[in-house]
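[1] next input, structure requested:
(2 chains)
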2 protein chains.
Amino acid sequence: MAVGPATLSEMFPVDGIRLGVASAGIKKPGRKDVVVIEVCEGASVAGVFTKNAFCAAPVVLSKQHIVSGSNRYLLTNTGNANAGTGKQGMIDAQACCEALAVLTGVSAQDVLPFSTGVIGEKLPVDKIKTALPDALSNLGDDTWALAAEGIMTTDTRPKGVSVQFQYEGKTITLSGISKGSGMIMPNMATMLGYVATDAAVNPDVLQSLLSQAADKSFNRITVDGDTSTNDSCILIATGKSGLQVDEDPALLEQFTQALESVMLELALAIVKDGEGATKLVTIQVETAASQKEALDTAYTVAHSPLVKTALFASDPNWGRILAAVGRAGIENLVLDDLKIYLDDVCLVENGGRADSYTEEAGQAVMNQENILIRICLNRGGVSETVWTTDLSHDYVTINADYRS
Amino acid sequence: MAVGPATLSEMFPVDGIRLGVASAGIKKPGRKDVVVIEVCEGASVAGVFTKNAFCAAPVVLSKQHIVSGSNRYLLTNTGNANAGTGKQGMIDAQACCEALAVLTGVSAQDVLPFSTGVIGEKLPVDKIKTALPDALSNLGDDTWALAAEGIMTTDTRPKGVSVQFQYEGKTITLSGISKGSGMIMPNMATMLGYVATDAAVNPDVLQSLLSQAADKSFNRITVDGDTSTNDSCILIATGKSGLQVDEDPALLEQFTQALESVMLELALAIVKDGEGATKLVTIQVETAASQKEALDTAYTVAHSPLVKTALFASDPNWGRILAAVGRAGIENLVLDDLKIYLDDVCLVENGGRADSYTEEAGQAVMNQENILIRICLNRGGVSETVWTTDLSHDYVTINADYRS
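    Below you'll find the model as predicted:
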């Protein structure tokens, strides 16, 4: 199951970026499971990576290799996460980088490796090496959609977003693809995102823009609270449009907005394709005293199995939301000050069910595919939003049966 | 579903305690849903209560009323939690205490109220009042098993434990009952526990013994990570055996052991009857640097939907356990130092799958009904244990369908 339409929007080429896919037969014969993204010389490259203490080998290596101006290739394989593989995993990731470097005449240091798939299995390096010439032979700038499919694992649909905007007679393009079908499946090493633009952006600024955008998008989505060993998001600015973003405040603002909208849409595409998802749920915590308490509250509600099963059942079970807020660890929380809404329907005020509330009104919101849970703590001026899904029978089926 | 046999052990009477049950028809006609526990004069009474910021009205009132030597009745109703009911909830809880006080000639202050059931519905005070004379008329000291049934909600079986031990020719009895079928269902206000003994224990010592025993039992079990608005556990020492526990170190030690074993067995009975449970899972974190990191690790694994669905599938998916440990928030955790075992089967060492591991050995443990996950952090000398269940289709069914 998944929420909303499955169609991929039109993907605009980004000058300076070419993408190629191939089949290495890592997990399923014939499946496109190797993606090579070629980056022009001199591009700025920024990255954000999983905070899981146990990074997969490719994450460790990508963090070492990432240097703006020198990185020339992103190499992704699916079907095997090369995680929990010890020292051999590092050797294998490095071997893949070297193989691609030899074929393309760059240094292994210039290749960023990414893997997603089963944890704890040795990476089939030879299969990947064998597929590289094929991936290189079909490099193109109009292959974003193919690449979006090439990085899929249990995803039920490819995920890509592309926007263009005009500035002083020139066009800036941002195109991105993502994969992930739980915020994490440690076993499938969930979340990958690659975004490229033809804008020119100083590397430091690019890294800061990516980190900020990730904190409003990829870092605010959760399907099951698990965070992966392999999550990575890369932002590349080729500069080919000739527009230098960081030297023009008005352009910087427009670019930031475009980047954030692309990143958010890519992140929400992952939630909507969340394992077993039948609803896209937005949890907005308002009037919190701090960002921490806003996020603690939002995630406690987002991760509550009781709230999530009620959402699956389209049951406006406000007691479960209230109890989740109550255990979020917020000091001196006053029940009487709290308000909880489903869309515009007030569920809770004055310490109990709102007088104006009717089961019909709550039910009408719950029947929707997109649901907003709004929690007003009335303690300060901070707001935070996270996005999640419901917890369905299909979630259990997918995750109980995955390895078989 | 539930784990293990459903039989209730023999329940020994506790001198000074009488229990009576009645049907008030709160949620289902004919169901025993009101339980009165009568406490002799002069007994010590101790209590531990939910840490949820939003306590239900009866919890607020019980905390105000609890005074050793004066409390004479515990009044429990099921079918309605009297939680999220605002000021009216307090009025209603007080009214029930007053009604029982009038019938028994005590003060309302001497009655401790407990409610469990649906959140947010007004307590049917009149129905409860009407049932009180019936509950009082069948007070007896051999009705522990009936009381264990009377406090059930979605529990599939009554839960009771009773032990006796000899000391200097005299017998000390401890008997207890509990209810709960998820660590919490905020909607059903999960966990109640009542334990009584005929030992004599100074009130301060009794409170400290209860708190310590709860931290090794009721506070270490989790089904879904949600904590209730109504959780309460009461320990009563009637003193009728004539043995003063706190004045004799040897007796104190024996009593403490007996109490802890009763509390742990009552707590594990709740886990084994956890919603949809097919496994009892013990998560033991060893060689941690602090209690906090031991518990953070244990609960992160216990609450991971991916670990829990793998347990349901009897899948020795060690990558999911590893990834959960990795996101437990432990600073400077070194993957190479970590060891993870299923019972005695080593899954993870030296940064990856243990060389000695075979899928057959892991599978053999996973096929069991009782599973031990042992995590050695190799950072210090602290150990902690928590108990949980798997996440099954039945969990989703029970919680998605509960209100309908």
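
[2] domain assignment for chain A?
    Chain A resolves into domains spanning A:17-272, A:280-401 when parsed by automatic domain parsing.

[3] would you list the ones you listed in a markdown table and tack on mean pLDDT, distance to chain B and mean neighbour count?
    From N, CA and C alone the C-beta is placed, and that goes for glycine too. A markdown table is the format used below for the domains of chain A (pLDDT from 0 to 100; distance: least, CB to the nearest CB, whole Å; neighbours: other CB atoms under 10 Å in any protein chain shown):
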| stretch | mean pLDDT | distance to chain B | mean neighbour count |
| --- | --- | --- | --- |
| domain A:17-272 | 92 | 3 | 22 |
| domain A:280-401 | 91 | 3 | 20 |
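
[4] and the residue nearest to A:Val201 when sequence neighbours are not counted, what does it touch?
    Spatial nearest neighbour of A:Val201, excluding adjacent residues (CB to CB, 6 or more residues apart in numbering or on different chains): A:Ala237 at 4.0 Å. By CB atoms under 8 Å, 6 or more residues apart in numbering or on different chains, A:Ala237 lies in contact with A:43-45, A:196-201, A:206, A:245.

[5] and stretch A:164-184, how far from the chain's centre?
    Relative to its chain's centre, stretch A:164-184 lies at 13 Å (CA atoms, centre = their mean, to the nearest Å).

[6] in three-state terms, label the residue lying closest to A:Asp15 once chain neighbours are set aside for me.
    Take A:Asp15 and drop its neighbours on the chain: the residue closest to it by CB to CB, 6+ apart is A:Lys240, 3.6 Å away. Look at A:Lys240: counting by DSSP: H, G, I helix; E, B strand; the rest coil, its state is coil.

[7] I figured A:Lys240 hits A:Asp198, correct?
    Yes. With contacts counted by CB atoms under 8 Å, A:Lys240 reaches A:Asp198, the gap being 4.4 Å.

[8] so what sits against both of the two?
    A:14-16.

[9] between those residues, identify the one with the most neighbours.
    Highest neighbour count within those: A:Val14, with 28 neighbours (other CB atoms under 10 Å in any protein chain shown).

[10] how far away is that one from A:Tyr194?
    11 Å (CB to CB, to the nearest Å).

[11] what of A:Gly381?
    A:Gly381 is 36 Å from A:Tyr194, by CB to CB.

[12] one more: A:Gln254?
    Counting by CB to CB - A:Gln254 and A:Tyr194 are separated by 22 Å.

[13] ditto for A:Thr397
    30 Å.

[14] helix/strand/coil for A:Tyr299?
    helix.

[15] ok, it touching A:Ile221?
    No. Using CB under 8 Å as the test, A:Tyr299 is too far from A:Ile221 to be in contact (10.9 Å).

[16] which residues do the two both contact?
    In contact with both A:Tyr299 and A:Ile221: A:Val386, using CB under 8 Å, 6+ apart.

[17] which members of the contacts of A:Ala237 occur in helices, if any?
    Among the contacts of A:Ala237, the residues falling in helices (DSSP state H) are A:Leu206.

[18] now for the contacts of A:Ala237: which two are most distant?
    A:Val45 and A:Val245 (14.9 Å; CB to CB).

[19] test my guess that A:Met11 contacts A:Asp141.
    No. Judged on CB under 8 Å, A:Met11 makes no contact with A:Asp141 at a distance of 10.0 Å.

[20] please compute how far stretch A:266-278 lies from its chain's middle.
    10 Å.

[21] using CSV, write out every CA atom in it.
    This file holds the C-alpha atoms of stretch A:266-278, laid out as CSV (Å, rounded to 0.1, in the frame of the first residue of the first chain):
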residue,chain,number,x,y,z
LEU,A,266,11.3,13.8,-1.7
ALA,A,267,11.0,13.1,2.0
LEU,A,268,7.2,13.0,2.0
ALA,A,269,7.4,10.6,-1.0
ILE,A,270,9.2,8.2,1.3
VAL,A,271,6.6,8.5,4.0
LYS,A,272,3.7,8.1,1.6
ASP,A,273,5.4,4.9,0.4
GLY,A,274,6.0,3.9,4.0
GLU,A,275,5.7,0.2,4.7
GLY,A,276,2.0,-0.7,4.8
ALA,A,277,1.1,3.0,4.9
THR,A,278,-2.6,3.9,4.3
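
[22] thought A:Ser162 was touching A:Ala148?
    No. Using CB under 8 Å, A:Ser162 makes no contact with A:Ala148, being 10.5 Å away.

[23] which residues are common contacts for the two?
    Common neighbours of A:Ser162 and A:Ala148 (CB under 8 Å, 6+ apart) are A:Met11.

[24] helices of chain A, start to end?
    A:57-65, A:86-104, A:125-137, A:144-150, A:203-215, A:249-272, A:291-303, A:305-312, A:318-326, A:359-366, A:393-401.

[25] show me what the shortest one is packed against.
    In terms of contact count using 3 or more CB pairs under 8 Å, 6 or more residues apart in numbering or on different chains; DSSP states H and E, helix A:144-150 is assigned the packing partners strand A:17-22, strand A:34-39, strand A:159-167, strand A:170-179.

[26] partner strands of the longest one and their direction?
    Which is strand A:170-179. strand A:159-167 (antiparallel), strand A:192-197 (antiparallel) (DSSP bridges).

[27] could you dump the ones you listed into a markdown table and include distance to B:Ala267?
    Shown next, in a markdown table, are the strands paired with strand A:170-179 (distance: least, CB to CB, whole Å):
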| stretch | distance to B:Ala267 |
| --- | --- |
| strand A:159-167 | 44 |
| strand A:192-197 | 42 |
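
[28] tell me who's in contact with A:Gly329.
    Going by CB under 8 Å, 6+ apart, the list of residues near A:Gly329 reads A:296, A:300.

[29] at 10 Å instead, please
    For A:Gly329, the contacting residues are A:292-293, A:296-297, A:300, B:51, B:53, by CB atoms under 10 Å, 6 or more residues apart in numbering or on different chains.
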